[in-house]
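Peer 1: with the sequence up front, the predicted model follows.
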Amino acid sequence: MKKFEIIKGVDKFHFVGIGGINMSAIAEILHKNGYTVSGSDKSESATTKRLAALGVDVKIGHDPSNIPSNTQAMVYNAAISKENPEYAEAIKRGIITLDRAEALGLLMKNFENAICVAGTHGKTSTTSMLAQIFTEAEVDPTVLSGGVLPFMGGAMRIGGEKYFIAEACEYHNSFLKFSPTVGIILNIEMDHSDFFASEAAFRQSFRDFAEKIPPHGLLIINSEIKNYEEITKGLACKVVTFGHVDDVAFTKDGKSSFATGGSSFTLSVPGMHNISNALAAIACARHFNLDMLAVAKALEGFTGANRRFQHIGKFEGATVIDDYAHHPTEVKATLKSAKNINHNRLWAVFQPHTPGRVSDFLQEFTQALSIADQIIVLDIYRPAGREDEKAQITSQDLAKNISANHANCHYIGSFEEAASFIRKNTREEDIVITMGAGDSNVLSQMIVGE
């Protein structure tokens, strides 16, 4: 891929928070295309080590001296505050500053087709499906995913200039800084009440995203979204819908088979929600006239992104799975998917993500988690940059609410205690699912003893 332009005349970039999954991907793409790239992160990780091995100048810790003297532009992630010493130094020096979404939006303008996957749920899975489909169809996509894809060996793939595939997140209206030629909206369910004042404001954000698609472009939208016509009415671009399919067959290990548009497909990842994701991906593939045999082969070979119903291992005959589910609808879909797999008892081990989300969806989380036979509620995960939430609710409150109608719910705050409890009480053919957008995957490894 030839060197492209992000900002005219700018070829020296510094990344603050370079260890982030998207930040590192953008940095690597720029580095491999001849840009001078440096960066810093608060702690060392496999990602920062990898970038350093590629030749990127990576510093650990944040300090004004980390920014090379010839830096022309700085990219920072959402967790970086305006008080960050490197951000303050950039302002002092007059260096151009871009947040991650702005940089990504400028990057995708260099591609003939920018496919942006939006929705409250399923963005990573659908982006991953598209990545595997377009790769199998041999059209050489460039991909930025929110999760690690085993077939790519990471969260990114550097390909040609014709197809760019990326997730489009609504939080902080980030996706409104993108430049999609094809937009996909999987679903719209209220979330992020710390940013969006109302459901109407949340839905308006998706409408604004759809309006960014040019007249020659395409919007692919789920027709099961409530009043989806509010999102599509009067758009300049072409609109294609996807929705429900009949006659879905499930095997005992959770695989599914279905037909649409005269073609048959098999999914190796479980759940009706993944069938919906696949329908969106198939619609996108049809738009670009990709070979449906290649699409079917890719979908059957798709085993999911890391932390999306990821099989971790076994302990004493019990299967341990980790999933990124952190919204009630996602929790419900994950547990229902597990129900389609032969098992003894189903364990839901849930790490709530932010007090605000627990407060907003207390009853919904209660109902979703109650699908499981055994429930463990861990301490709430509080991501960097969102510590000032006003909600005072605790994990104990959630566990108490569930326990009112469910005999087997336990609050166990620490990973060590939870792992010990699970290892003592699991039985053969149980399924244990750790869930959350924080670091609950660490607990899944502890359970299987890795």
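Peer 2: Nice, thanks for sending it over. Numbers count the residues shown, from 1 in each chain.
Peer 1: touching, Ala305 and Ser145? I think so.
Peer 2: Yes: contact status for Ala305 versus Ser145: in contact at 6.5 Å, counting by CB atoms under 8 Å. From N, CA and C alone the C-beta is placed, and that goes for glycine too.
Peer 1: any common contacting residues for these two?
Peer 2: When contacts are counted by CB atoms under 8 Å, 6 or more residues apart in numbering, the set common to Ala305 and Ser145 consists of Thr124, Ser128.
Peer 1: which residues does the lengthiest strand in the chain contact?
Peer 2: Scanning the chain for the strand with the most residues, using DSSP state E, yields strand 142-149. For strand 142-149, the external contacting residues (CB under 8 Å, 6+ apart) are 1, 21-22, 25-26, 29, 104, 111, 123-124, 127-128, 130-132, 134, 152, 154-161, 163-167, 169, 305-308, 324.
Peer 1: show me where the stretch 151-300 of the chain has its helices.
Peer 2: Assigned by DSSP state H, counting those that start in this stretch, the helices in the stretch 151-300 of the chain fall at 199-211, 229-232, 272-287, 292-301.
Peer 1: quick check: which of those is nearest to Glu330?
Peer 2: Each of those was scored for nearness to Glu330 using CB to CB, and the closest is helix 272-287 (8.0 Å).
Peer 1: in that closest one, what counts as buried?
Peer 2: Within helix 272-287, the residues that qualify as buried by neighbour count (16 or more other CB atoms under 10 Å) are 272-287.
Peer 1: now render the helices of the stretch 151-300 of the chain as JSON lines, adding mean pLDDT and distance to Gly449.
Peer 2: Formatted as JSON lines, these follow (pLDDT from 0 to 100; distance: least, CB to CB, whole Å):
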{"stretch": "helix 199-211", "mean pLDDT": "97", "distance to Gly449": "42"}
{"stretch": "helix 229-232", "mean pLDDT": "98", "distance to Gly449": "47"}
{"stretch": "helix 272-287", "mean pLDDT": "96", "distance to Gly449": "29"}
{"stretch": "helix 292-301", "mean pLDDT": "96", "distance to Gly449": "29"}
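Peer 1: closest to Glu417 out of those helices?
Peer 2: With CB to CB, the closest approach to Glu417 among the helices of the stretch 151-300 of the chain belongs to helix 272-287: 31.4 Å.
Peer 1: got the angle for the closest one vs helix 292-301?
Peer 2: Taking axes from the mean of the first three to the mean of the last three CA atoms, to 10 degrees, one finds helix 272-287 and helix 292-301 inclined to each other by 160 degrees.
Peer 1: where in the chain is pLDDT low?
Peer 2: Using pLDDT under 70 as the threshold, the predicted model of the chain has low-confidence ranges 1-3, 385-390, 450.
Peer 1: hmm, back to that, redo the helices of the stretch 151-300 of the chain as a markdown table? Include distance to Ile433.
Peer 2: Output for these, formatted as a markdown table (distance: least, CB to CB, whole Å):
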| stretch | distance to Ile433 |
| --- | --- |
| helix 199-211 | 28 |
| helix 229-232 | 32 |
| helix 272-287 | 14 |
| helix 292-301 | 23 |
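Peer 1: so for Lys336, which of those helices sits nearest?
Peer 2: Put simply, out of those the one that sits nearest Lys336 is helix 272-287, at 7.4 Å, with distance taken as CB to CB.
Peer 1: so which elements touch that closest one?
Peer 2: The contact analysis (3 or more CB pairs under 8 Å, 6 or more residues apart in numbering; DSSP states H and E) places helix 272-287 against helix 123-136, strand 182-185, strand 218-222, strand 238-242, strand 256-260, strand 263-267, helix 292-301, helix 328-339.
Peer 1: turn those into JSON lines, including mean neighbour count.
Peer 2: JSON lines is the format used below for these (neighbours: other CB atoms under 10 Å):
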{"stretch": "helix 123-136", "mean neighbour count": "26"}
{"stretch": "strand 182-185", "mean neighbour count": "27"}
{"stretch": "strand 218-222", "mean neighbour count": "24"}
{"stretch": "strand 238-242", "mean neighbour count": "17"}
{"stretch": "strand 256-260", "mean neighbour count": "17"}
{"stretch": "strand 263-267", "mean neighbour count": "17"}
{"stretch": "helix 292-301", "mean neighbour count": "18"}
{"stretch": "helix 328-339", "mean neighbour count": "21"}
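Peer 1: what about those, which gets the closest to Gly438?
Peer 2: When those are ranked by distance to Gly438, counting by CB to CB, first place goes to helix 328-339 at 13.8 Å.
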